[in-house]
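In: Quick one, what's the 3D model for this:
(chains A and B)
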Number of protein chains: 2
Amino acid sequence: MSAIPATPAQPAEASPFRLFQAINAFHLTEAIRSSIELDIFTAIGAGQTTAEAMASHCGIAERGARILCDFLVVNGFLSKRGNQYSLSEDSAKFLDRKSPAYMGSCTEFLLTNDIRQNFRDLTNAVRHGGCQNTYAHAPESPVWVAFARSMAPIMVMASQGLAEIVLRNERRSMKVLDIAAGHGLFGIAVLRANPKAEVTAVDWKSVLEVAQENAKNFGVADHYNTLPGSIFEVNIGTGYDLILVPNFLHHFDEHKIEQLLKKLHHALKPGGKVATLEFVPEEDRVSPAVPAAFALIMLAETPAGDAYTRSELESMFNRAGFSRHEFHAMPPSPHSVLVSTRN
Amino acid sequence: MSAIPATPAQPAEASPFRLFQAINAFHLTEAIRSSIELDIFTAIGAGQTTAEAMASHCGIAERGARILCDFLVVNGFLSKRGNQYSLSEDSAKFLDRKSPAYMGSCTEFLLTNDIRQNFRDLTNAVRHGGCQNTYAHAPESPVWVAFARSMAPIMVMASQGLAEIVLRNERRSMKVLDIAAGHGLFGIAVLRANPKAEVTAVDWKSVLEVAQENAKNFGVADHYNTLPGSIFEVNIGTGYDLILVPNFLHHFDEHKIEQLLKKLHHALKPGGKVATLEFVPEEDRVSPAVPAAFALIMLAETPAGDAYTRSELESMFNRAGFSRHEFHAMPPSPHSVLVSTRN
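Out: Below is the predicted model of the structure:
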């Protein structure tokens, strides 16, 4: 089952226990985090399928293992038959350390003390229309190193999808800029799909070290260049065929985004493209669930960021001089890609 | 929609975003808490149905109101049509201060710093098989005053259900003991259904003051007596027709529960009954969702408490000298009632 349903359904009758569950939603956060810390999923994947076996394997109490695992069953991350637990498809793929798609590290970014504190301060963010604690936007903020190190696995699918959409099997030489590259996966996916491309990644210096490690690991370091600094301030030059803007615009207000898009427009060759990967809700702003819910993270974490709709994104690009757009959904990823071309 | 689904369903294909949602589940906790703090639901109930109207009514930012309300729509606590928000059935009944069933106060118990901290320490609780911080079990712990004051509304339905089950329209005079009475609602519901009953409530002195206030408000104070202290230590006398044990046994291990049940067995008249209200999961311990998930709260919050199954409860009662039991589900409440009779 899905821990949080993807499609809304109306409840049968009023019940205080849906409210009870919603207020207690943080129990699921902590249960998943604990299970990752204790490596419960890897233990089950390795055949320690009873609470008793897990207890001796992981050095925990049998009672603790049993209650935690039952809770994970209730929330769809495990199945249970008799006293035997087994991994759900998601858990086997993403939470067993032996899986190549393991992403247990993502709690190290998603559950930092800063993020938790900003959500504790949500009432203030609602009052002021944004977060007053702008640690994430500070130059060389270490949060982006944590992001680059821990969130890469969750972006593999999206980075491959983006490369397919923007390249369409093209293999000509091209000059590519990857903005706020982070882990670097988006530029790296372009290089893997088109070995004739040349990528320049912009981000804080400490973050680019992570991206370079990844480029090396994927065997594309020869075509991977770095340009440290803030994209709003650094000289990026001109003549780009393609500029990647993955998961970046949502941190800023429309004015700041337009300012950036004008800079990118100027840096593109005629016919060059900006590929923007974003959580894009429908115009109603309440569907689909993941992109719509993402706006709350921006309210809690940034002074004025948002989950922008397609029409808002296109308007900002148009005001910056772009006029042609293609919009791509990327199911099953909740991301979308807007490809905007300079005339 | 239900914020957390009541019935499990298998996901269509592996997706990292279910994990992303589960790790981020605490966002829902904080969004509901903020909305209660800012009284958003009452504002919408009073006709402030746009983000703009809420902003000026509640003294918050329009952007904050819009993003928070959209998030509540995604999670089923509001509906949206155009830019107009409306309350879901649950929100109208339980989160609008003008509703007699308002229960926004429950965050004051469910989200105390102690409870949050115990869930932050969940990994340790799993390691040791229970919580090392036993603040909740300390004599005169102020947490139970907070419980009595803030959790009463969430128990109204269950207290009426319990009274119906144990009294079955009986109107004879009877001597009733209400154990760990808290807000007192369970004993009060018995008194309202049978004015010839005489209730003695046991709890910490400071908690009984809340129960007495409630008894007065419900017009049953004349038949409502209090006995301050720990039920494990206080002299309760004998000759009871009925002993209520609502939401209490789950805090303790089987040994301590048996010790208590022997005391209760001794205090009952022959033919007298103990009515135990509990979150009782099925024997698989993973369904239904609310009672099954409750075990994690006991792991995080108590040294050795649990959500006991029906057969475990009956065994403990049998070892304490009881032999006859009736078991009642109480839909739509997730509670169950076990009625055990002394021969």
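In: Would you confirm that residue A:241 contacts residue A:274?
Out: No: counting by CB atoms under 8 Å, residue A:241 does not reach residue A:274; the two are 10.8 Å apart. Using the backbone N, CA and C atoms, a C-beta is placed for each residue, glycine as well.
In: More neighbours: which of the two?
Out: Set side by side, residue A:241 and residue A:274 give different neighbour counts by other CB atoms under 10 Å in any protein chain shown, the larger being at residue A:274 (26 against 19).
In: got a list of what that one touches?
Out: By CB atoms under 8 Å, 6 or more residues apart in numbering or on different chains, the residues touching residue A:274 are A:242, A:243, A:245, A:261, A:264, A:265, A:268, A:317, A:322, A:339, A:340, A:342.
In: any idea whether residue A:334 is helix, strand or coil?
Out: coil (DSSP: H, G, I helix; E, B strand; the rest coil).
In: ditto for residue A:256
Out: Counting by three-state DSSP, the backbone at residue A:256 sits in helix.
In: burial measure for it, as a count.
Out: If we define neighbours as other CB under 10 Å, then residue A:256 has 15 of them.
In: ok, now how distant is it from residue B:22?
Out: 32 Å (CB to CB, to the nearest Å).
In: Near chain B, which residues of the stretch 151-300 of chain A are found?
Out: A:153-154, A:157, A:281, A:284-287, A:289-290, A:292-293, A:295-300 (CB under 8 Å from any CB of the partner chain).
In: Of those residues, grab the buried ones for ChimeraX.
Out: Selection command for ChimeraX covering only the buried members of these, criterion 16 or more other CB atoms under 10 Å in any protein chain shown:
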select /A:153,154,157,281,285,286,287,289,290,292,293,295,296,297,298,299,300
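In: Let's see which of the residues of the stretch 151-300 of chain A next to chain B end up in helices.
Out: Applying DSSP state H to those, the entries found in helices are A:153-154, A:157, A:289-290, A:292-293, A:295-300.
In: Dump these to JSON lines, plus pLDDT and distance to residue B:124.
Out: Listed next are those as JSON lines, based on pLDDT from 0 to 100; distance: CB to CB, whole Å:
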{"residue": "A:153", "pLDDT": "83", "distance to residue B:124": "27"}
{"residue": "A:154", "pLDDT": "83", "distance to residue B:124": "27"}
{"residue": "A:157", "pLDDT": "86", "distance to residue B:124": "34"}
{"residue": "A:289", "pLDDT": "96", "distance to residue B:124": "33"}
{"residue": "A:290", "pLDDT": "95", "distance to residue B:124": "32"}
{"residue": "A:292", "pLDDT": "98", "distance to residue B:124": "36"}
{"residue": "A:293", "pLDDT": "98", "distance to residue B:124": "30"}
{"residue": "A:295", "pLDDT": "98", "distance to residue B:124": "35"}
{"residue": "A:296", "pLDDT": "98", "distance to residue B:124": "30"}
{"residue": "A:297", "pLDDT": "97", "distance to residue B:124": "28"}
{"residue": "A:298", "pLDDT": "97", "distance to residue B:124": "33"}
{"residue": "A:299", "pLDDT": "97", "distance to residue B:124": "32"}
{"residue": "A:300", "pLDDT": "97", "distance to residue B:124": "27"}
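In: which element is residue A:231 on?
Out: For residue A:231, there is no helix or strand it lies in under DSSP states H and E.
In: Relative to residue B:68, how far out is the one residue in the stretch 101-250 of chain A that gets nearest to chain B?
Out: Closest contact between the stretch 101-250 of chain A and chain B, by CB to the nearest CB, is at residue A:129 (2.9 Å). The gap separating residue A:129 from residue B:68 is 10 Å, by CB to CB.
In: what does residue A:273 give?
Out: 35 Å.
In: Looking at the two, which one has more neighbours?
Out: residue B:68 (28 against 22).
In: re earlier: which residues are in contact with the closest residue to the residue of the stretch 101-250 of chain A closest to chain B other than its chain neighbours?
Out: Distances taken as CB to CB, 6 or more residues apart in numbering or on different chains place residue B:61 nearest to residue A:129, at 2.9 Å, with adjacent residues excluded. Counting by CB under 8 Å, 6+ apart, residue B:61 touches A:126, A:127, A:128, A:129, A:130, B:55.
In: same check, this time on residue A:195
Out: Residue A:195 sits next to A:171, A:220, A:223 when contact means CB under 8 Å, 6+ apart.
In: Which of the residues you listed sits closest to residue B:89?
Out: Proximity of those to residue B:89 (CB to CB) peaks at residue A:220, which lies at 54.4 Å.
In: Tell me how many other residues crowd the closest one.
Out: 20.
In: Distance of it relative to residue A:68?
Out: 41 Å.
In: Nearest residue to residue A:343 in space, ignoring adjacent ones along the chain?
Out: Nearest one to residue A:343, counting by CB to CB, 6+ apart, is residue A:323 at 6.1 Å.
In: now the strands for chain A?
Out: A:78-81, A:84-87, A:174-179, A:197-203, A:224-228, A:240-246, A:268-278, A:324-329, A:336-341 (DSSP state E).
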